[in-house]
Structures are given as C-alpha cells and as structure tokens.
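1. 3D model of this:
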Amino acid sequence: METTETLDISEHLRGVFAKCSAASISTQLIRRGLRNVAVRGVRPLRAGLPPMVGPAFTLRYVPAREDLDGYGSGGDPKNIQRQAIELAPSGHVFVVDCRGAADIAGIGSILARRLMLRGLKGVLLDGGVRDTLSMAQTDFPVYCAGPAVPPNYAGHHAADMNVVVSCGGVAIYPGDIVFGDDEAVVAIPRHLADEIANDAAEMERRERFLYKEIEKGRSIKGVYPPDEETTKRYLEAVASGEAK
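-> Residues are numbered from 1 along each chain as shown. Model prediction:
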C-alpha cells in the first residue's frame, strides 16, 4: 500500500475546472499526447450536478475468495475497503477499481454517505452500485456502470488502497485530478492540472463564441477552425467583455 499522502487542489483551480467540460479537457490532453484519458462504461447516477473535481484516492478490488469474503466480513477491522472509507482525504474523489464487474456492487448508500460527510467530492467506480435510488437523491456525484444488487463481498475483495489502479480502462494514479460531468469522466495527470484547466476554460470560451458565429449564419469554413478574420473578431469580443 502506498502511504504517500496526496494534497487537495486550491479552490481557485477547482473554480477554473468548473468552467470546463470533459470534452475540452480531453482535447487538451490529446494535444499533449495523452489519448487514453476517458473512463469507459460509467455514467452519473444523477445528471445535472456541478462537475466533480478532485485528486484521486484509490481502492483496488481483486476477485473475492470464499474463505476471506463472506457475510459480515465488512466488520473486520483489517477490511481495506472500510479503512479506505475512513482514510480518504477531504476534497478528493474516491476511485474504485472494480475490474469492470458491473453485476456486483462496489459501494452502497451508507458508505457513500460517509464519504460525502467526510468532505469527499464524489465516487468513481467501473462497477455496479447498490441503493441507487437513495444515492441519486443526494447532490453527491457518483459515476458507475449502473445498479447492482449483490454486495461487494459477493465478488470483490479489497486488496489495496492509494495505489495506481485501472478504472474503466484508464490508469489512475493517486493524486491524479479526476473530472466528471454529465458526458464523461477524465483523468488528468497532477503535474498538468493547472495548464489543462486554464487552456480548457479558454477553449470553452472560444467555442461559445464560435457557436454564436454559426448561429449568425456564418459558414463552417473560416469559423471552425477559426481563420485570421474570425480570430480577430474573437479577440475583440474578449477585449470588450462580449465573449465570456
């Protein structure tokens, strides 16, 4: 188990990310050569929430073994899942490697509620979730593969925490920034977080301007991507405060 603590991000950086989308962030990562960044097979339990943003704190499941994982095993003080729930730092996103097992619940409403009350920013897992109806009534973001009734010990054994994991086919390291909106979840290497956030927020502002250009009846040619004339109009709109 990796013992290095990961630090939360500043409220300023969190605010910049709030102006971004998973699409713009993934484009900025691709520009830097990082293509495998979008977590596959997960959707938000509740749409319409503000973006989920925070450093990753990870939990890794392996297949359950009958002599170790059974009814009541969650009460064992050595249970790594329960340890992780209490150790995950405030401001982080709880990321669970479920090996893509959508038919087994990786977490339920009580543990998710504990994470919420401890100040975490959301949960991401490439597996199932139980108690989805009650979880979807909160404003705590949960991204998963869908509902699943069997409890985690029916198929999972918590093997480690705060280590690199695979979630939805994406490598996520402790401290990586996890961003989720209604469209997708992407993982951002921590050392690139500031520049990705700033460039993605600027991309969003520019694309809002270009969308308005198309609404005015302009052709795609010269607008998307913008040519010199369109770029000039955009910079003038920025300077005047029209482009926000």
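2. Would you mind listing the buried residues in stretch 99-114?
-> When neighbours are counted by 16 or more other CB atoms under 10 Å, the buried residues of stretch 99-114 are found to be 99, 101, 102, 104, 105, 106, 107, 108, 109, 111, 112. For glycine as for every other residue, the C-beta is placed from the backbone atoms N, C-alpha and C.
3. my guess is residue 205 meets residue 242, correct?
-> No. Here residue 205 does not reach residue 242: they are 10.8 Å apart, not a contact under CB atoms under 8 Å.
4. Looking at those two, which is more packed in?
-> Of the pair residue 205 and residue 242, residue 205 is the one with more neighbours under other CB atoms under 10 Å, namely 17 against 12.
5. Now do the same for the more buried one: helix, strand or coil?
-> Under the three-state scheme (DSSP: H, G, I helix; E, B strand; the rest coil), residue 205 adopts helix.
6. what's near enough to touch it?
-> If you count contacts by CB atoms under 8 Å, 6 or more residues apart in numbering, residue 205 has them with 19, 238, 243, 244.
7. what's the longest strand in this protein?
-> The strand of greatest length in the chain, counted in residues with DSSP state E as the criterion, is given as strand 52-63.
8. Direction included, what does that one pair against?
-> strand 93-97 (parallel), strand 156-161 (antiparallel), strand 177-180 (antiparallel) (DSSP bridges).
9. would you list those strands in CSV and tack on mean neighbour count and distance to residue 6?
-> CSV is the format used below for those (neighbours: other CB atoms under 10 Å; distance: least, CB to CB, whole Å):
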stretch, mean neighbour count, distance to residue 6
strand 93-97, 27, 11
strand 156-161, 20, 12
strand 177-180, 27, 10
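10. possible to save the ones you listed as JSON lines with distance to residue 65 and mean pLDDT?
-> Formatted as JSON lines, the entries for those read as follows, by distance: least, CB to CB, whole Å; pLDDT from 0 to 100:
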{"stretch": "strand 93-97", "distance to residue 65": "17", "mean pLDDT": "98"}
{"stretch": "strand 156-161", "distance to residue 65": "6", "mean pLDDT": "97"}
{"stretch": "strand 177-180", "distance to residue 65": "29", "mean pLDDT": "98"}
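11. nearest to residue 192, of those?
-> Residue 192 lies closest to strand 177-180 among the strands paired with strand 52-63, at 8.5 Å (CB to CB).
12. List the contacts of that closest one.
-> Around strand 177-180, the neighbours that count as contacts under CB under 8 Å, 6+ apart are 9, 17, 20, 22, 25, 44, 51-56, 93, 95, 122, 124, 141, 143, 172, 185-190, 193.
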